[in-house]
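Visitor: Can you look at this prediction? I've put the sequence above it.
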Amino acid sequence: MAEEPGWRGFALPHLQAGRSPLLATLILALIIVVWHSPLVFVTHQLGPSGLLGAFASTFWFAWLFNHTGGSVFLTIVSHAAEGTFVQVAVAGFAGAVAGVAQLAWIYAVMWLVAAIGVVVLDWKAWHGPAPTEATTPP
């Protein structure tokens with residue numbers, strides 16, 4: 001959970017200082033994909049679906065951060081709950097390699113649907129200025 005203080009506690013407020021939450025989150029999502037890409041291409045700890053999941057989940061965590069007044073604690077709790085769910089779900093597919101790969105893609109698509117949902121259903125919040133508590137002055 002060490003990612004959250006860096007991504008949401010430091011990077012997102014600075015990115016939102018001069019940008020809309022949507023643009024700031026898009027930039028952060030691309031940075032996070034680059035950050036996680038060695039896990040796909042070097043260590044093979046993630047499949048390509050992991051990059052899609054990392055990209056899409058960034059929108060949920062940014063939305064949560066902005067709607068809780070910039071609470072890094074709540075993004076840590078949410079990220080921990082998400083990680084726990086993944087571990088339990090993957091454990092249920094132990095031994096079924098094809099099942100785990102399929103589950104990873106389903107999981108990534110679910111994050112993509114969630115990302116599209118929070119953007120579409122809260123369109124105004126994504127295009128207006130970020131809450132003052134969730135930004136760092138330029």
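Guide: Nice, I can see it.

Visitor: Where does pLDDT dip in the chain?
Guide: Scanning the chain with the threshold set as pLDDT under 70 gives 1, 90-99, 137-138.

Visitor: Against Val88, how distant is the most centrally placed residue in it?
Guide: With distances taken as CA atoms, centre = their mean, Thr58 lies nearest the centre of the chain, 2.2 Å away. Distance of Thr58 to Val88, computed by CB to CB, to the nearest Å: 23 Å. For glycine as for every other residue, the C-beta is placed from the backbone atoms N, C-alpha and C.

Visitor: Next, count neighbours for the spatially closest residue to His67 that is not a sequence neighbour.
Guide: Closest residue to His67 apart from its sequence neighbours, by CB to CB, 6 or more residues apart in numbering: Ala125 at 7.5 Å. The tally of other residues near Ala125 (other CB atoms under 10 Å) stands at 18.

Visitor: Ok, Ala114 next?
Guide: Other residues near Ala114 come to 15 when the count uses other CB under 10 Å.

Visitor: Skip the chain neighbours and tell me the closest residue to it.
Guide: Excluding its sequence neighbours, the residue lying closest to Ala114 (CB to CB, 6+ apart) is Trp60, at 5.4 Å.

Visitor: Toward the C-terminus, what is the element adjacent to the strand or helix carrying the one you found?
Guide: Taking DSSP states H and E as the criterion, Trp60 maps to helix 48-67. Sequence-wise, the next helix or strand downstream of helix 48-67 (DSSP H and E) is helix 72-92.

Visitor: buried stuff in whatever helix or strand comes next after that next one?
Guide: Using DSSP H and E, the helix or strand that follows helix 72-92 in sequence is helix 97-121. The neighbour-count check on helix 97-121 (16 or more other CB atoms under 10 Å) flags 100, 103-104, 107-108, 111-112, 115, 118-119 as buried.
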